[in-house]
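Asker: can you look at this prediction? I've put the sequence above it.
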Amino acid sequence: MNCTRCGFCLPSCPTYIQTGGNEASSPRGRIALMKSVVEGRKNPDAEVEAQLNECLGCRACEPACPSGVNYGHLLEQARAVINEHKSYSFPVKVLRKATFDWLFMSHNRMEKLHSLRYMYEKTNVQKVMRKVKVFKLFPGEVETMEKVVPAALPPSQVKEYDEFEFADKPSVRRVAFFRGCLMSTMFAETNESTRFLLKQAGCDIVTPKMQECCGALHAHGGETDKAKLLAKKNIEAFEKAEVDVIVSNAGGCGAGLNEYPFLLRDEPEWAERAKRFADKSMDISTLLAKLELPPMELDSQLVTYQPSCHLNNVMKEKGNVEKLLGKIEGVEYVAMRDKEQCCGSAGIYNLVQPKMAMKILDKKMSDVKATKASRIVTSNPGCLLQMKAGVEREKLTDEVQAVHIVDLLAEAVRKGIKAEVY
Ligand code: SF4
Ligand code: SF4
């Protein structure tokens, strides 16, 4: 904890800003709190937990720190300690078990849950629930979030991809695709767009069947052992693919994959393999920005971009989305004020800390409105849902659309191909 207490990180911290400059809600304040726990001057009690829970984990404080403090790693370790000492209430225990031990430990289960969600929508149960306003009974922004989650695709379309697919033109790369668990179920269309773009860019695709969830949710939730287990499964699955590049299309997952060397640092058998894996991992925007896509075209429009904090601050892959937008004829990119600041989504933060999340979102939406853009592109499913929720809250659904960057690019490539044919 080589924090010199200089305070350079303070202006980059959304919770510090939103609390009007409360030191306890700042990176420096939280580091001091963690330090006092480590040194035994304080117990990891409810006060410590509340302060750490208020942190988004956006890691915007890291690039601002001249001493190179890796705040994200400190936070993860502190949460693991709290998790060890905490006795959860029965309902929370059940929920954590269902989420961490059961659902996110198996891709098959995610697919089964998706089929249930499809049935729930198709049998009109959802319509009835909405009509009797059941979601109003839930705390926070559950009602808004429920509205913006994309409609479930038929389970027949949420299928396993072929393990090997050829590029649509002479091959320039052999790329492994990290399909993600939410991306391949709830956001299956975005995964389709990703595979379409890779093939259009001349990439042969390997999608290892044995891959699992990235484990980021577990690592952030203090479930380090399970995060390690998932990391090992993924490393093994992708080693077999024998590729130089592993792409993901969700900033949160990409950062999770990038953190495998830290996660497995104490296991000699895995540390080097984890490093090799992480060195090959990159976001889809980084790869596509390096390759040649067919001419892209869209109707004339202003587009702004909400970057994913994890893509910016952990993967440190900046500027590629803007570069790609610049290649689309008809698109004028307009940067929003303070675009580097978190949108308040942060995994499940917007559900567990709705007040702070919505304050942060409201500021973000005022920055979006100032751009006059009709599209907001994002690079992470959580940011996408949060932007959709912001649009819904501001009653802008007729004027502004939030969309994942690969969906926008795929739309532009398709229009470009059509224009070439006619
Ligand atoms: S991770 Fe984000 S919210 Fe947490 S202290 Fe750092 S800047 Fe603030
Ligand atoms: S975390 Fe870094 S920037 Fe923030 S107070 Fe400590 S040394 Fe300074």
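Answerer: All right, it came through fine. Ligands and ions are numbered 1, 2, ... in the order given.
Asker: so the residue nearest the centre of the chain versus residue 330, what's the distance?
Answerer: Centroid-nearest residue in the chain: residue 252, 3.1 Å away (criterion: CA atoms, centre = their mean). Look at residue 252 and residue 330: by CB to CB, to the nearest Å, they are 30 Å apart. All C-beta atoms are positioned from the backbone trio N, CA, C, and that covers glycine.
Asker: residue 351 too?
Answerer: Per CB to CB, residue 351 is found 37 Å from residue 330.
Asker: local confidence estimate at the residue in the stretch 251-400 of the chain that ligand 1 sits nearest to?
Answerer: Using CB to the nearest ligand atom, the closest approach of the stretch 251-400 of the chain to ligand 1 is made by residue 342 at 6.3 Å. Residue 342 carries a pLDDT score of 95 in this model.
Asker: ok, which stretches of the chain are strands?
Answerer: Counting by DSSP state E, the chain has strands at residues 164-165, 173-177, 203-206, 245-248, 281-283, 296-306, 328-333, 375-378, 401-404.
Asker: what about the chain, any weak spots by pLDDT?
Answerer: Along the chain, segments meeting pLDDT under 70 span 422.
Asker: interface residues of it facing ligand 2?
Answerer: Contact residues, the chain versus ligand 2 (CB under 6 Å from any ligand atom): 3-9, 27-28, 31, 61, 64-65, 67, 69.
Asker: ok, and which of these reach ligand 1?
Answerer: Answer for the residues of the chain next to ligand 2 near ligand 1 (CB under 6 Å from any ligand atom): 27, 61.
Asker: for the residue lying closest to the residue of the stretch 251-400 of the chain closest to ligand 1 once chain neighbours are set aside, grab phi and psi.
Answerer: Residue nearest to residue 342 in three dimensions, not counting chain neighbours: residue 58, with 3.8 Å by CB to CB, 6 or more residues apart in numbering. Main-chain dihedrals, residue 58, degrees, to the nearest 10: phi -80, psi -20.
Asker: measure residue 58 to residue 383 for me?
Answerer: 11 Å.
Asker: and residue 321, what is it in contact with?
Answerer: 285, 305, 307, 377, 379, 405 (CB atoms under 8 Å, 6 or more residues apart in numbering).
Asker: gap between it and ligand 2?
Answerer: Counting by CB to the nearest ligand atom, to the nearest Å, the separation of residue 321 from ligand 2 is 27 Å.
Asker: equivalent analysis for residue 215, please.
Answerer: Counting by CB to the nearest ligand atom, the gap from residue 215 to ligand 2 is 26 Å.
Asker: please apply the same query to residue 36.
Answerer: Distance, residue 36 to ligand 2, by CB to the nearest ligand atom: 15 Å.
Asker: follow-up on the earlier one: was I right about the residue of the stretch 251-400 of the chain closest to ligand 1 contacting residue 59?
Answerer: No - contact criterion CB atoms under 8 Å: residue 342 and residue 59 do not qualify, at 9.1 Å.
Asker: anything in contact with each of these two?
Answerer: residue 309.
Asker: what about these two, which has more around it?
Answerer: residue 342 (30 against 22; other CB atoms under 10 Å).
Asker: show the contacting residues for the more buried one.
Answerer: For residue 342, the contact set (CB under 8 Å, 6+ apart) comprises 14, 56, 58, 60, 309, 360.
Asker: for the residue of the stretch 251-400 of the chain closest to ligand 1, give its distance to ligand 2.
Answerer: For residue 342, the distance to ligand 2 - CB to the nearest ligand atom - is 17 Å.
Asker: any idea how far the residue nearest to residue 262 when sequence neighbours are not counted is from ligand 1?
Answerer: Of all residues not flanking residue 262 in the chain, residue 73 sits nearest, at 6.0 Å (CB to CB, 6+ apart). Distance of residue 73 to ligand 1, given as CB to the nearest ligand atom: 11 Å.
Asker: and for residue 142?
Answerer: Taking CB to the nearest ligand atom, one finds residue 142 at 22 Å from ligand 1.
Asker: tally of neighbours for the closest residue to that residue other than its chain neighbours?
Answerer: If the residues on either side of it in the chain are set aside, residue 142 comes closest to residue 135, at 5.7 Å by CB to CB, 6+ apart. Close neighbours of residue 135, defined as other CB under 10 Å, add up to 15.
Asker: going forward can the numbers begin at 33, since that is how I track them
Answerer: New numbering, starting at 33: the last item is residue 167.
Asker: wait, doesn't residue 167 sit right on residue 161?
Answerer: Yes - between residue 167 and residue 161 there is a contact under CB under 8 Å: 6.9 Å.
Asker: helices of the stretch 183-332 of the chain, start to end?
Answerer: Listed in chain order, the helices of the stretch 183-332 of the chain (DSSP state H, counting those that start in this stretch) span residues 220-232, 248-252, 256-273, 283-290, 292-295, 300-312, 316-322.
Asker: tell me the most buried of those?
Answerer: When the helices of the stretch 183-332 of the chain are scored by mean count of other CB atoms under 10 Å, the highest mean neighbour count falls to helix 283-290 (a mean of 27).
Asker: closest residue of the stretch 133-282 of the chain to ligand 1?
Answerer: Residue nearest to ligand 1 within the stretch 133-282 of the chain: residue 252 (10.9 Å; CB to the nearest ligand atom).
Asker: so that residue touches residue 108, yeah?
Answerer: Yes - counting by CB under 8 Å, residue 108 is a contact partner of residue 252 at 6.7 Å.
Asker: what sits against the residue of the stretch 133-282 of the chain closest to ligand 1?
Answerer: 89, 108, 111, 379.
Asker: now it: how far from residue 381?
Answerer: On the measure of CB to CB, residue 252 and residue 381 end up 10 Å apart.
Asker: overlap of the contact sets of these two?
Answerer: Common neighbours of residue 252 and residue 381 (CB under 8 Å, 6+ apart) are residue 89.
Asker: returning to that earlier point: the contacts of residue 374 in helices, which ones?
Answerer: 46, 341, 392 (DSSP state H).
Asker: hmm, residue 379 and residue 418 touching each other?
Answerer: No - contact criterion CB under 8 Å: residue 418 and residue 379 do not qualify, at 10.7 Å.
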